[in-house]
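J.: next comes the sequence, and after it the predicted model I'd like to discuss.
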Amino acid sequence: MSADDAGIPRFAVVGRVNKGKSSILATLVEEADNARIRISEIPGETTRCQSIPLVLGGETLVEFIDTPGFNRARQALAWLREHHAEGSGEARIETVRRFVEAHRDNDEFQDERLLLEPVLEGAGVVYVVDASKPYRPDFGAEMEILRWTGRPRMAILNHLSPENDYSEEWRERLGESFNLTREFNAHRARFRERIRLLRHLLEIEEGNRAKLEQTIRQLEAEWDRRRSEAADIFIALLGRALTERVCENVGGDRVDRDYKRDEAERALKDRYRAELRELERRHHRRLIQLYKHGDAEFAEEVGDALLAGGDDLFAEETWQFLGLDPSQLALAGGLAGAAAGGSVDLATGGLTHGLGTLIGAAGGFFAAIWKGRKLAEIRVSNPLSPKGETAAGGVKWCAGPPKNPNFPWVLLDRALFHFEHLVTRAHGRRDRFVIDFNQLRARGEKHGYASRLTADRRRALQNWFGRLADRGREDSEDAEAFETLRTVLREIEEGELRVLEADD
Ligand SMILES: Nc1nc2c(ncn2[C@@H]2O[C@H](COP(=O)(O)OP(=O)(O)O)[C@@H](O)[C@H]2O)c(=O)[nH]1
Ligand SMILES: [Mg+2]
């Protein structure tokens, strides 16, 4: 297939083996599955070209060709020089064509032939080097061969190791043979950097400008759509977690003694916790799928590995470093709820000292819940209340949601933590992907996302949480919460709101 057949821009990704060619492509097209784009520490595992399309909505927008890379560039260049008759008028690309023809039936220059074929068919060239290693003259032969093809060429400086940086040296050399040299880190690049790389391709490949511009627009739209879907996953998770309960009819003889009552209550709370953990997992898996870190089946597996690194939702520790601190909680509107419920005695402090004390008093109340052992205490409604009696003479007990007003914020923080992992994780990485709460714990008190939101945003979300508690899910207007979440997600995507430390 030639480039013009379907009007799809094509680029051959070339360079020496183990410079991160496949990793760059996996990151660029969001392919996390090693079965589809093989990335390996062992050099020479790729022995043929592989077409790697950038597909959106079922349509191929750009086609990349992953090549095995150069193997005997110096000898190949010697062949070209020897067979090119200077002054004969033959274009150099024709000599390259003869080179490929001459070696079609033998494997003397198999790798060179494989990478030159798509270029001769019209593909642009993306040359990948590792800027953490110094430039050596034998790279010059590779660059020279690519120059002979006359095709638009861009060079990418990848950094396989963070220790050394020979970018300057490389830039100087690459500048002689390439139209453009740019950095792209296969392990760290985020969405913005991927878009930037596509823009660079557009700069060198004038002929495909319209198609590449369309690709960039479609990718931006796709991320915008994903952000909306992600916000809706948050809405679904929080909406259900804050309203659903686990109920059970408890037979009279099961609760006719204190110890039996305690036992039944404990069992019901355990069931509630198990269901909530599963609810959280299910929604986090949907995020994993949405950001292409696993298809349905893969997400299950990856999701579990990923979530295994996460702390338990109900662990005391989780509640200590996520969510809001007491005064933030009071300001967000928790105060109103607590006062209405008659849980806080505001009579003295509130009336005589104004709002500051009021908040202080409520803060004190939350601090008490905080320091007590009741962080994740679950509400059990109507235990032994005669009103809860069922037809069978038993009693209906319901567990959930947790009493602590920080519950929605902890849940939100955990989901945002997963979200930041998903949008910062380059798809070209093949190391184990875990979400490690230890990173947060080491830092001391409150350092999730919720505690850094502006007061306005916290209030918008708290209002929705309050409505959910009062009216249930169906009757709670969530448009403002949805927009607030979308904004927060965008800020995390752009790195403006961040909790994770960069790693490599
Ligand atoms: N730390 C780090 N390692 C990388 C990066 N890019 C590639 N690698 C690693 O380098 C090795 C070779 O990568 P691969 O993409 O298979 O190289 P290729 O042979 O040029 O296709 C693999 O072990 C990758 O995980 C990077 O940006 N940072
Ligand atoms: Mg490869």
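T.: Cool, got the structure. Ligands and ions are numbered 1, 2, ... in the order given.
J.: gap between T60 and R98?
T.: When CB to CB, to the nearest Å is applied, the distance between T60 and R98 equals 31 Å. Glycine gets a C-beta too; all of them are placed from N, C-alpha and C.
J.: oh sorry, the question was meant for L180
T.: Taking CB to CB as the measure, L180 falls 29 Å from R98.
J.: P134 too?
T.: The gap separating P134 from R98 is 34 Å, by CB to CB.
J.: also S476?
T.: If you measure S476 against R98 using CB to CB, the figure is 72 Å.
J.: of these two, who's got more company?
T.: More neighbours sit around S476 than around the other of S476 and R98, counting by other CB atoms under 10 Å; the figures are 20 against 15.
J.: and that one, how far is that from ligand 2?
T.: When distances are taken as CB to the ion, to the nearest Å, S476 and ligand 2 turn out to be 51 Å apart.
J.: and whichever strand or helix holds R266, how far out from the chain middle?
T.: Using DSSP states H and E, R266 maps to helix 258-290. In terms of CA atoms, centre = their mean, to the nearest Å, the centre of helix 258-290 is set 26 Å apart from its chain centre.
J.: could you name the helices and strands sitting against it?
T.: helix 209-243, strand 246-250, helix 296-308, strand 378-381, strand 395-402, helix 407-424 (3 or more CB pairs under 8 Å, 6 or more residues apart in numbering; DSSP states H and E).
J.: W170: what's it in contact with?
T.: Under the criterion of CB atoms under 8 Å, 6 or more residues apart in numbering, the contact list for W170 reads V129, A131, Y135, A155, L157, T181.
J.: close to ligand 1: what parts of the stretch 51-200 of the chain are there?
T.: By CB under 6 Å from any ligand atom, the residues of the stretch 51-200 of the chain that approach ligand 1 are G69, N158, H159, L160, N185, A186, H187.
J.: leaving aside the residues next to it on the chain, what's closest to the first one?
T.: In space, not counting the residues next to it along the chain, G69 is nearest to V17; the distance is 4.4 Å by CB to CB, 6 or more residues apart in numbering.
J.: now do the third one
T.: Closest residue to H159 apart from its sequence neighbours, by CB to CB, 6+ apart: S132 at 5.0 Å.
J.: in a strand, the one you found, correct?
T.: No - for S132, which was evaluated using DSSP: H, G, I helix; E, B strand; the rest coil, the result is coil, with no strand membership.
J.: what separates it from E377, distance-wise?
T.: Spatial separation of S132 from E377 under the definition CB to CB is 52 Å.
J.: please apply the same query to E263.
T.: E263 is 17 Å from E377, where distance means CB to CB.
J.: low-confidence ranges, this protein, go.
T.: Along the chain, segments meeting pLDDT under 70 span 1-6, 44-46, 296-311, 334-376, 381-394, 441-445, 502-504.
J.: kindly report the residues of it close to ligand 1.
T.: When proximity is defined as CB under 6 Å from any ligand atom, the chain approaches ligand 1 at 17-23, 39-41, 69, 158-160, 185-187, 430, 504.
J.: what are the contacting residues of stretch 418-429?
T.: Applying CB under 8 Å, 6+ apart, the set of residues contacting stretch 418-429 from outside is 20, 22-32, 37, 39, 185-191, 230, 284, 287-288, 291-293, 306, 310, 433, 435, 449, 489, 492-493, 495, 498-500.
J.: same question, stretch 82-91
T.: By CB under 8 Å, 6+ apart, the surrounding residues in contact with stretch 82-91 are R92, T95, R98, F99, G150.
J.: what sits closest to the last one if chain neighbours are left out?
T.: Spelled out, that is G150. In this structure, G150 finds its nearest non-sequential neighbour in I93, 5.1 Å apart by CB to CB, 6+ apart.
J.: the one you found: neighbouring residues, count only.
T.: Burial of I93, expressed as a neighbour count using other CB under 10 Å, amounts to 15.
J.: wait, it touches L146, no?
T.: No - the pair I93 / L146 is not scored as a contact, 11.1 Å apart, by CB atoms under 8 Å.
J.: that older thread, restricted to helices, list the contacts of stretch 418-429.
T.: Among these, the residues falling in helices (DSSP state H) are 22-29, 191, 230, 284, 287-288, 306, 489, 492-493.
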